[in-house]
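A.B. asks: below is the sequence, then the predicted model.
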Amino acid sequence: MNESPVIGKADMLWIPGGTFRMGSDRHYAEERPAHRVSVDGFFMDKTPVTNRQFRRFVEATNYTTFAEIPPNPADYPGALPHMLQAGSLIFSPPKGPVDLRNWGQWWAFKFGANWRRPYGPGSNIKGLDEHPVVHVAYCDAEAYAKWAGKELPTEAEWEFAGRAGLEDAEYAWGDELTPGGKHMANTWQGTFPHENLKSDGNDRTSPVTAFPANAYGLYDMIGNVWEWTSDFWSTKHTEDAPKACCVPTNPRGGPIESSFDPNQPQIRIPRKVLKGGSHLCAPNYCRRYRPAARHAEPVDTSTSHVSFRCVLRQKTD
């Protein structure tokens, strides 16, 4: 069977539209410049899509994820034949300090790793029903959203929802990372990538409602897993429009350069914007556990720390 479920909003929340300052001038270059943006209201999933929810989709459609399909040699010219096997990227912590400029020191492509086997052959998702699904490439997130009668959020929608009205706050909950010593999200404590103190109680992913919701009632908007958005990556934001009347509404970001496909930039493997940071974001390496933070991810890549959530743009009774 491959029929879509009846659209329901029991697991979604209405996010009111509004105008906000998107991005940040105080952190990484790709977050600049902070600029005014407006978005219309929309429904958003309360949590990232869980293993339980994704399993329902797979069982209903017999869907096979990107990580479960051996790569086509034509798509990866020059690749060694023995590397063209199905798999995905898994975080593999080194035993000691390493050069933080070389991410290959802590990421390994594992044959047989996928959403069902998040740590490779021999692993499984037993007991992880309420953890976010991982090892999903962009096409997998899109396929789930289409089946569910929903869409993936734009970067602007995601950041508006993540901020939940705290426009100038550093974090999704205020200006202090751990207010009163309380961990507000699943992030990395210790010296990344070899020392994980697990002060927040987690080694890898956590249940999607393990930490407090933001002011809109959304869980895991910061930390745990990065989340796909529908926007193509750009190295910086667009400047504010010169006139207040020209604040962009519902923008869709990224370079649109191809004369062959108006929806994709002219690069071999397009990249999309990830938002929210993950359990691997650490003070000494990736301070991207903030609503303004953003990251580029190739659409043909899946990892053990990337997931997604969906939106529904029409408001119905």
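C.D. replies: That came through fine.
A.B. asks: confirm that residue 160 sits in a helix.
C.D. replies: Yes: counting by DSSP: H, G, I helix; E, B strand; the rest coil, residue 160 is located in a helix.
A.B. asks: residue contacts, it?
C.D. replies: 15, 18, 20, 22, 37, 39 (Cβ atoms under 8 Å, 6 or more residues apart in numbering). Any C-beta I mention is one placed from the backbone N, CA and C, and that applies to glycine too.
A.B. asks: roughly how far does it sit from residue 49?
C.D. replies: Going from residue 160 to residue 49 by Cβ to Cβ, to the nearest Å gives 20 Å.
A.B. asks: and what of residue 224?
C.D. replies: Look at residue 224 and residue 49: by Cβ to Cβ, they are 12 Å apart.
A.B. asks: hang on, the earlier thing: keep only those of the contacts of residue 160 that are in helices.
C.D. replies: For the contacts of residue 160, not one is inside helices, with DSSP state H as the criterion.
A.B. asks: for the stretch 101-250 of the chain, what spans make up the strands?
C.D. replies: Taking DSSP state E, counting those that start in this stretch as the test, the strands found in the stretch 101-250 of the chain are 107-111, 226-232.
A.B. asks: what bits of the stretch 1-150 of the chain have low per-residue confidence?
C.D. replies: 1-8 (pLDDT under 70).
A.B. asks: doesn't residue 36 make contact with residue 239?
C.D. replies: No: using Cβ atoms under 8 Å, residue 239 makes no contact with residue 36, being 10.2 Å away.
A.B. asks: neighbour-wise, which of the two wins?
C.D. replies: Neighbours per residue, other Cβ atoms under 10 Å: of residue 239 and residue 36, the larger number sits with residue 36, 14 against 10.
A.B. asks: and for that one, nearest residue in space, chain neighbours not counted?
C.D. replies: Leaving aside its chain neighbours, residue 36 sits nearest to residue 247 (4.7 Å; criterion: Cβ to Cβ, 6 or more residues apart in numbering).
A.B. asks: same check on residue 292?
C.D. replies: For residue 292, ignoring the flanking residues on the chain, the nearest one in space by Cβ to Cβ, 6+ apart is residue 24 at 3.8 Å.
A.B. asks: could you work out the end-to-end span of stretch 277-296 for me?
C.D. replies: One end of stretch 277-296 to the other measures 12 Å (Cα to Cα, to the nearest Å).
A.B. asks: then stretch 172-186?
C.D. replies: Chord length of stretch 172-186, first to last residue, is 13 Å (Cα to Cα).
A.B. asks: the residue sitting nearest the centre point of the chain and residue 291: what is the separation?
C.D. replies: Per Cα atoms, centre = their mean, the C-alpha nearest to the average position across the chain is that of residue 227, at 1.2 Å. To residue 291, residue 227 is 12 Å away according to Cβ to Cβ.
A.B. asks: quick check: neighbours shared by these two?
C.D. replies: Common neighbours of residue 227 and residue 291 (criterion: Cβ under 8 Å, 6+ apart): residue 275.
A.B. asks: report the contact partners of the spatially closest residue to residue 94 that is not a sequence neighbour.
C.D. replies: Leaving aside its sequence neighbours, residue 94 sits nearest to residue 194 (Cβ to Cβ, 6+ apart; 5.1 Å). By Cβ under 8 Å, 6+ apart, the contact set of residue 194 is 93, 94, 95, 96, 97, 98.
A.B. asks: show the buried residues in those residues.
C.D. replies: Among the contacts of residue 194, those buried by neighbour count (16 or more other Cβ atoms under 10 Å) are residue 98.
A.B. asks: out of the contacts of residue 194, which is nearest to residue 137?
C.D. replies: Ranked by distance to residue 137 (Cβ to Cβ), those are led by residue 93 at 23.5 Å.
A.B. asks: and the closest one, how far is that from residue 207?
C.D. replies: 22 Å.
A.B. asks: cool, and residue 47?
C.D. replies: Distance, residue 47 to residue 207, by Cβ to Cβ: 9 Å.
A.B. asks: so between those two, which is more surrounded?
C.D. replies: residue 47 (21 against 18).
A.B. asks: what bridges to the nearest residue to residue 248 once chain neighbours are set aside?
C.D. replies: Setting aside the residues directly before and after it, residue 248 is nearest to residue 37 in space (Cβ to Cβ, 6+ apart), at 5.8 Å. Here residue 37 sits in beta bridges with residue 20, going by DSSP bridges.
A.B. asks: what's near enough to touch residue 37?
C.D. replies: Under the criterion of Cβ under 8 Å, 6+ apart, the neighbours of residue 37 are 19, 20, 21, 22, 156, 160, 247, 248, 249, 251.
A.B. asks: same thing with residue 253?
C.D. replies: Shown in contact with residue 253 (Cβ under 8 Å, 6+ apart): 154, 155, 156, 231, 232, 234, 237, 238, 273.
A.B. asks: quick one: which of the residues you listed has the most company?
C.D. replies: In those, the most neighbours by other Cβ under 10 Å go to residue 155, 26 neighbours.
A.B. asks: which residues are in contact with that residue?
C.D. replies: 229, 231, 253, 273, 275, 294 are the contacts of residue 155 under Cβ under 8 Å, 6+ apart.
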